[in-house]
Structure formats: structure tokens, C-alpha cells
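Participant: below are the sequence and a predicted model for it; my questions follow.
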Amino acid sequence: MKIKMKIILASALSVVLAGSGIIALSSGSSQVLAATDAPSATSVPKDKPAKPKPRAGGQGGQGGPAPDSNHDGIDCPEQGQGEAVLPSSSASSATSNGEASSEVTNPSTYSVVIRGGLNTDPQDKGRPVVLIAAALGVPTEVFREAFSGVTPSGLDSQPSHELAQRNKAALMKVLSPYGITNERLDEVSNFYRYNGNRTATWQKTPATATAIVTDGVVTGVTITNPGAGYSSTPTVTITGPTGTVTAKAVVTNTQDFKTNGSITSITLD
């Protein structure tokens, strides 16, 4: 009876242990208990110390002490910051800038200066007769002949109505055979009118040009704006790293105010 009761008690105990997640293994009268959530074969045994975690800045996944964080070039105060943050392209940039500064084939390093070109013949007493005659479409000598019958009023005063009429009649007497109308004469005269006493000139547009440079040598000039209103030939100089070069300009006259007295070509001396 006692043996049967022990068996019943043992069976009941195994049911209770199984319900609580424990397996009861019996061998004879002795019992060995083992937990069902025991670690698998691949898990680290409990009696083996875990590997230490790598320190910040160290090489993860590899044993041994982490390297000194002050040797990574980021938070090390002894390292020069200019050296640490300098991009790798800076050296090449500095080199290319050095080459550019010594480059003499760049036309932008050469300046083209156009001076003068506003002279008049002494017999014209400061009037741009060359421009006036060209705008009227007559030879310069024809306009000079027509103007010889004019009585100027002087630089500081305006002619009276009677004097203006007499001067106009003297001009038209010579110019009308060339097809010049009174209206066209007024238009041209007003456009090229000036006050010589105030050293003012007639209407004009300055010309501009750039140098053509090949292997550091000026080989020509490109006109970027022919200008207008030049009554004589201006002087042209090209100055750059290799020195100064002079050039000759050619002025052309037309009946159009926009192109009369413009520079049509520039050639090196």
C-alpha cells in the first residue's frame, strides 16, 4: 500500500512539475530536475565570461583594448586643425591658381585703349565738317564752300532770326544742287552742334575693342563696338604683361548718324 501511494504521489508531482515548465527525470529512487529553457548548444555557457564590449572609437568585433581616442585626428587638440580639415583638392586648386596668374595668353589680361579721334581741320574752327558733310552726303570741300558764305554769331551768343535766315540761304545756295533739303540741313546741323567755348563736343559713341593673343603675343584686335562721331583717326594702344603694342584704326564716314565716324578696322603697327 505504501509503495502504491508513493507511485501515485510521484505521478502527481510529475504532472505539477510538467505544468510549471520543469521536466522531472527519475532514475531509481533518485530524481534529477532540468529546466526546459536550458541554453542551446550554440549559446555561451554561463560559466564562461562574456567578451568585453569595445570602447567607443575602437574596432568593434575584435578583442583587445580600444585605441586611444585622441589619436583619430578628430578630437586630438595637439593636431593642427588646418591640416585636419584641408580638402585634398586644395593643393591642386592652389597650383591651378598659380598657373592662371602667370598665364599671359589670356586676352582679358590685355587692355585696349582708344584715345582721341576728335580733331578738326584748323580752317573749320572746331566744327566737325567731315562728319557734317558725310551726313549730308556731299564731299567735305563742298560743305566748306557752302559754309564760307556763313557769318557765325560767335561762341557765346545765338544768331538773330535775320542772321540765321541769311546763313541758311548761303548754305542752301551751294547744297541744294546736291539734293539737300532745308529739313535735312537742320537735322544734321542740330545733331553735330556743340559749344566750343565749354570744350564740349558733338554727339559721339566711344569705340571698344579686345586683343587677340596667341602664345603670349598680341596678333590682332577685335572691334567689339565700332563707335561713332570720330572726326579724325584715334590712337590705339594694347597693354599687357608682355608690354605695350600700338595699332592703327580706320575711320569710315556714312550718312547714318549711328555709323558716321565709326571705326571699321584696327591693325597692328
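Facilitator: Happy to help now that I have it. Here the structure is a predicted model, which means the values were calculated and not measured.

Participant: tell me where the stretch 51-200 of the chain has helices.
Facilitator: 81-85, 90-101, 129-136, 140-147, 161-175, 182-191 (DSSP state H, counting those that start in this stretch).

Participant: for those, which one sits closest to Y230?
Facilitator: Across those, Y230 has its closest neighbour in helix 129-136 (8.4 Å, CB to CB). Glycine gets a C-beta too; all of them are placed from N, C-alpha and C.

Participant: kindly calculate the angle that that closest one makes with helix 161-175.
Facilitator: Using axes from the mean of the first three to the mean of the last three CA atoms, to 10 degrees, the inter-axis angle of helix 129-136 relative to helix 161-175 is 70 degrees.

Participant: how about helix 129-136 as PDB, C-alpha atoms only?
Facilitator: Backbone C-alpha positions of helix 129-136 (Å, rounded to 0.1, in the frame of the first residue of the first chain) are rendered in PDB as follows:
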ATOM      1  CA  VAL A 129      32.900 119.500 -91.000                       C
ATOM      2  CA  VAL A 130      34.000 116.000 -92.100                       C
ATOM      3  CA  LEU A 131      31.000 114.500 -90.200                       C
ATOM      4  CA  ILE A 132      28.500 117.100 -91.300                       C
ATOM      5  CA  ALA A 133      29.500 116.700 -95.000                       C
ATOM      6  CA  ALA A 134      29.300 112.900 -94.800                       C
ATOM      7  CA  ALA A 135      25.900 113.000 -93.100                       C
ATOM      8  CA  LEU A 136      24.600 115.300 -95.800                       C
END
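
Participant: what about the closest residue in space to P234 that isn't next to it in sequence, how many neighbours?
Facilitator: Leaving aside its sequence neighbours, P234 sits nearest to G117 (CB to CB, 6 or more residues apart in numbering; 3.1 Å). By other CB atoms under 10 Å, 21 other residues sit near G117.

Participant: G117: what's it in contact with?
Facilitator: Shown in contact with G117 (CB atoms under 8 Å, 6 or more residues apart in numbering): Y230, S231, S232, T233, P234, T235, A249, V251, G261.

Participant: likewise G227?
Facilitator: By CB under 8 Å, 6+ apart, the contact list for G227 reads I114, K204, T205, P206, A207, T208, G261, S262, I263.

Participant: farthest-separated two in the contacts of G117?
Facilitator: T235 and G261 (15.4 Å).

Participant: what's the weakest-modelled helix or strand in this structure?
Facilitator: The helix or strand of the chain with the poorest confidence is helix 90-101; it has a mean of 31 (mean pLDDT, DSSP states H and E).

Participant: returning to what we had before: nearest to D269, of the helices of the stretch 51-200 of the chain?
Facilitator: Using CB to CB, these put helix 129-136 closest to D269, at 23.7 Å.

Participant: okay, angle between the closest one and helix 140-147 too, please.
Facilitator: 100 degrees.

Participant: contacts for helix 129-136 next, please.
Facilitator: 120-121, 139-140, 142-144, 147, 175, 178, 180, 184-185, 188-189, 191-192, 202, 229, 231-232, 253-255, 257, 260-261.

Participant: in terms of pLDDT, where does G179 sit?
Facilitator: What the model reports as pLDDT for G179 is 97.

Participant: I'd like the numbering to begin with 56 instead of 1 from here.
Facilitator: Got it, first residue is 56 now, which makes that one G234.

Participant: identify the residue spatially nearest to it, adjacent ones excluded.
Facilitator: Computed as CB to CB, 6+ apart, the closest residue to G234 that is not its neighbour in sequence is G192, at 7.6 Å.
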